[in-house]
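# Everything below, folded, please.
(one chain, ligands or ions: 1)
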Amino acid sequence: MPRCCGFLSCSTIDDTSLKNLKVHNKNGNPRNKTALAPGHSLMDWIRLGASKVDLTGVGGVPQVVTMTELAKHNQRNDAWIAIRGVVFNVTRYMDFHPGGVEELMKGVGKDATKLFENVHAWVNYQSILQKCIVGRLSNEGLIDTRSIVSDFDEKSARNSSSLTNDKMKFSLSNIHIEWKQTSNSVTFIYKITKNQSFPGFQLIRKSPKNFDLQMYALKNIIKHEYDLCESVQWPPVWEKNFNETEISFNFSKKIGTLWKSYGSRTVVSYTKKTERDYRDWEVVSNKLLAEDVHLLVLKSTNYIEIIETGQHMEARMNVMGTEISRYYTPIPSFLCFEDNLSASNPDYLYLIIKRYDNGQLSPSVTALQQGQTLTLSNGLGNFAVQSFDKYSSILILAAGTGITPMLGIIYRALYRRNVMTIDVLFFNKGEKNIFYSSQLRKISTYKRLTVTDILSQPDDSWQGHRGIVSETLLKKLIGDPRALSCIFICGPILFTNTTYT
Ligand code: HEM
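Predicted coordinates for the structure are as follows:
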């Protein structure tokens with residue numbers, strides 16, 4: 001069960017990804033953690049990190065670490081661990097590890113990415129271990145294996161296409177693909193069979209007639225390389241249909257005629273040792289949504305990233321000679337419509353980022369101006385939002401930018417017919433900290449969504465609810481939350497801990 005490391009409470013941490021999200025459902029079964037010795041709580045660890053103690057053990061000078069070197073640091077008193085290409089010194093963290101020393105020792109001296117992800121992929125290790133970075137794992141031995149699976153021969157399909165409403169079908173294991181056209185546009189529709197989760201998609205334009213469509217399916221990346229018979233406009237308008245697990249890409253044709261066939265498609269499959277690809281995104285706009293909360297609209301040339309609900313992206317920047325990265329969950333565009341940004345710009349990406357004065361990355365990211373760039377990974381994380389589709393009422397408890405990863409969940413729930421109620425309790429300090437509540441309320445006039453703002457330090461003029469999260473307050477607002485089917489929680493550590501218990 002995904003749980004939260006509740007790190008939004010730490011002022012140096014700027015992470016609004018689903019890693020900070022707790023999900024509680026009727027069958028939820030919180031796991032047993034090792035009792036930590038006094039003086040070894042999370043707050044003690046943060047305090048130690050904030051002190052002058054060198055937790056890296058290498059004087060804070062970033063190293064490139066080979067596998068051989070890594071293997072030498074496999075002792076309780078000299079413990080290095082590599083996760084997703086970064087090597088951390090976890091010697092001092094041993095006694096703070098909630099899973100205990102013995103468990104953490106299983107990963108030391110090696111690339112423990114898989115082990116770590118099997119146990120607790122949601123743990124925000126980058127924030128927890130930010131002061132323990134030894135350096136990068138040298139990428140010798142990390143080889144991409146590429147194999148051409150098949151070339152499609154679509155002669156028979158081509159022959160059967162009719163000139164009006166041209167539509168043909170074929171199957172590729174669990175993916176069902178159709179195309180249709182009018183004289184002005186051509187649409188490709190991907191349907192995923194029901195027992196499969198919907199993959200993330202990437203579209204890459206190579207020329208007016210050529211584009212690649214990549215899907216992240218389990219450990220493979222399946223790439224469909226399209227060679228169209230005529231030129232099309234970029235970007236295509238894409239649309240997801242959650243109920244049908246269907247996604248369509250609609251391209252405008254450059255010349256308005258009916259095609260005899262769309263062209264051809266080659267299928268390529270990659271097995272990648274590393275799950276991340278990075279690319280530069282240009283800032284289209286940077287707008288203040290609330291105090292210290294920015295909406296960054298980004299665009300990448302000839303590229304569209306469609307991430308799954310619940311996935312996050314790694315944002316990387318070089319800040320004063322050091323590469324810093326944090327995770328952010330892109331928000332769906334539906335809330336940005338009033339800016340007239342999303343409808344005509346299907347290739348835009350929307351990030352909400354809170355600026356923390358002493359944050360390592362957020363001051364630099366929120367200062368980005370139009371035309372400057374931010375490096376982002378592809379969509380990451382294995383949060384299976386589909387497993388909550390069976391619940392008919394959803395309660396969302398969010399504090400501050402903890403609302404960010406909830407927006408995708410709200411959007412998805414709005415379009416699922418079986419969801420009868422979506423109740424959002426949005427906790428903030430003051431009115432100046434609230435964002436998107438009114439936009440969500442606009443939607444709620446014709447859908448089954450309610451949004452309640454609760455302020456901990458409101459002005460005298462505030463007419464709404466007041467207080468900090470507590471059992472009494474929750475009972476007053478929603479009755480007994482345990483009677484509800486599915487609860488999503490995201491916010492600072494104290495908030496998530498209080499709401500979770
Ligand atoms: C790779 C070797 C590791 C193993 C085998 C391991 C194992 C475990 C186990 C068994 C638990 C307790 C059960 C649970 O609550 O999920 C746990 C909890 C935890 N571990 Fe690890 N761990 C490893 C590495 C790490 C690292 C490198 C970090 C660094 C941040 C970390 C941070 C945590 C945290 C924060 C929890 C509490 C999780 C929660 O409350 O949901 N672990 N670990």
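# Up against the ligand, what does this structure have?
Residues of the chain found near the ligand (CB under 6 Å from any ligand atom) are 3, 5, 31, 33, 81, 90, 97-99, 103-104, 106-107, 112, 115-116, 119-120, 123, 125, 128-129. Just so you know, the C-beta spots here come from the backbone N, C-alpha and C atoms, and that holds for glycine as well.
# Of those, select the buried ones using a ChimeraX command.
Buried members of these, defined by 16 or more other CB atoms under 10 Å, are picked up in ChimeraX with:
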select :3,5,81,90,97,98,104,107,112,116,123,125,128,129
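# Out of the residues of the chain next to the ligand, name the ones that lie in strands.
If you go by DSSP state E, the residues of the chain next to the ligand have residue 81 in strands.
# which stretches of the stretch 351-500 of the chain aren't confidently modelled?
445-447, 480-485, 493-494, 497-500 (pLDDT under 70).
# Please enumerate the helices of it.
Taking DSSP state H, counting those that start in this stretch to define them, one finds helices in the stretch 351-500 of the chain at 362-366, 404-414, 437-444, 471-478, 493-500.
# Could I get the CA-only coordinates of the first one as PDB?
Provided in PDB are the C-alpha atoms of helix 362-366 (Å, rounded to 0.1, in the frame of the first residue of the first chain):
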ATOM      1  CA  SER A 362      12.400  25.500  -5.800                       C
ATOM      2  CA  PRO A 363      13.800  29.000  -5.700                       C
ATOM      3  CA  SER A 364      15.600  28.400  -9.000                       C
ATOM      4  CA  VAL A 365      12.700  26.600 -10.700                       C
ATOM      5  CA  THR A 366      10.100  29.200  -9.700                       C
END
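# From the chain's centroid, how far away is it?
18 Å (CA atoms, centre = their mean, to the nearest Å).
# so what does it touch, helix or strand wise?
strand 293-299, strand 313-319, strand 322-328, strand 348-354 (3 or more CB pairs under 8 Å, 6 or more residues apart in numbering; DSSP states H and E).
# closest to residue 72 out of those strands?
strand 322-328 (24.6 Å; CB to CB).
# Quick check: the residue of the stretch 101-250 of the chain nearest the ligand.
Using CB to the nearest ligand atom, the single residue of the stretch 101-250 of the chain nearest to the ligand is residue 107, 2.8 Å away.
# which residues of the stretch 101-250 of the chain score low on pLDDT?
Those would be 139-174, 193-199, 217-220, 242-244, if you go by pLDDT under 70 across the stretch 101-250 of the chain.
# So which residues of it form strands?
For the stretch 101-250 of the chain, applying DSSP state E, counting those that start in this stretch gives strands covering 133-137, 145-151, 167-172, 175-181, 185-192, 200-207, 210-217, 220-228, 237-241, 246-252.
# hang on, the residue of the stretch 101-250 of the chain closest to the ligand packs against residue 117?
No. If you go by CB atoms under 8 Å, residue 107 and residue 117 don't touch, sitting 10.9 Å apart.
# so which of the strands of the stretch 101-250 of the chain gets nearest residue 487?
Nearest to residue 487, of the strands of the stretch 101-250 of the chain and by CB to CB, is strand 237-241 at 24.9 Å.
# ok, now which ones touch residue 132?
55, 56, 88, 89, 90, 92, 93 (CB atoms under 8 Å, 6 or more residues apart in numbering).
# same thing with residue 206?
212, 302.
# how about a cut-off of 10 Å?
212, 225, 226, 227, 302 (CB atoms under 10 Å, 6 or more residues apart in numbering).
# on that earlier part again, out of the helices of the stretch 351-500 of the chain, the one nearest residue 329 is which?
Across the helices of the stretch 351-500 of the chain, closest to residue 329 is helix 404-414 (CB to CB), at 4.2 Å.
# Just checking the distance from the closest one to the centre of its chain.
Centre-to-centre, helix 404-414 and its host chain are 12 Å apart (CA atoms, centre = their mean).
# Then stretch 68-88?
27 Å.
# could I get the strands of the stretch 101-250 of the chain as a markdown table with distance to residue 329?
Output for the strands of the stretch 101-250 of the chain, formatted as a markdown table (distance: least, CB to CB, whole Å):
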| stretch | distance to residue 329 |
| --- | --- |
| strand 133-137 | 23 |
| strand 145-151 | 30 |
| strand 167-172 | 30 |
| strand 175-181 | 26 |
| strand 185-192 | 22 |
| strand 200-207 | 13 |
| strand 210-217 | 16 |
| strand 220-228 | 21 |
| strand 237-241 | 16 |
| strand 246-252 | 19 |
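# looking at those strands, which is closest to residue 441?
Among these, strand 237-241 sits nearest to residue 441 (CB to CB), with 23.9 Å.
# Distance from the closest one to the middle of the chain?
Counting by CA atoms, centre = their mean, strand 237-241 comes out at 18 Å from the chain centroid.
# Run me through the strand neighbours of that strand, direction for each.
strand 246-252 (antiparallel) (DSSP bridges).
# Going by neighbour count, list what's buried in the strand it pairs with.
Across strand 246-252, burial judged by 16+ other CB under 10 Å covers 246, 247, 248, 249, 250, 251.
# follow-up on the earlier one: overlap of the contact sets of residue 107 and residue 117?
Here residue 107 and residue 117 have residue 83 as joint contacts, going by CB under 10 Å, 6+ apart.
# Residue 187 contacts residue 177, correct?
No. Residue 187 is beyond contact range of residue 177, at 11.1 Å (criterion: CB atoms under 10 Å).
# With neighbour count added, can I get the contacts of residue 206 in JSON lines?
Below are the contacts of residue 206 laid out as JSON lines (neighbours: other CB atoms under 10 Å):
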{"residue": "212", "neighbour count": "17"}
{"residue": "225", "neighbour count": "17"}
{"residue": "226", "neighbour count": "21"}
{"residue": "227", "neighbour count": "14"}
{"residue": "302", "neighbour count": "13"}
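# ok so, going back, can you check which of the strands of the stretch 101-250 of the chain gets nearest to residue 345?
The nearest among the strands of the stretch 101-250 of the chain, by CB to CB, is strand 237-241 at 9.8 Å.
# can you pull the buried residues of that closest one?
For strand 237-241, by 16+ other CB under 10 Å, it's 237, 238, 240.
# Could you pull up the residues touching the last one?
Neighbour list for residue 240: 190, 198, 201, 246-248, 306, 308-309, 332, 411-412, 415 [criterion: CB under 10 Å, 6+ apart].
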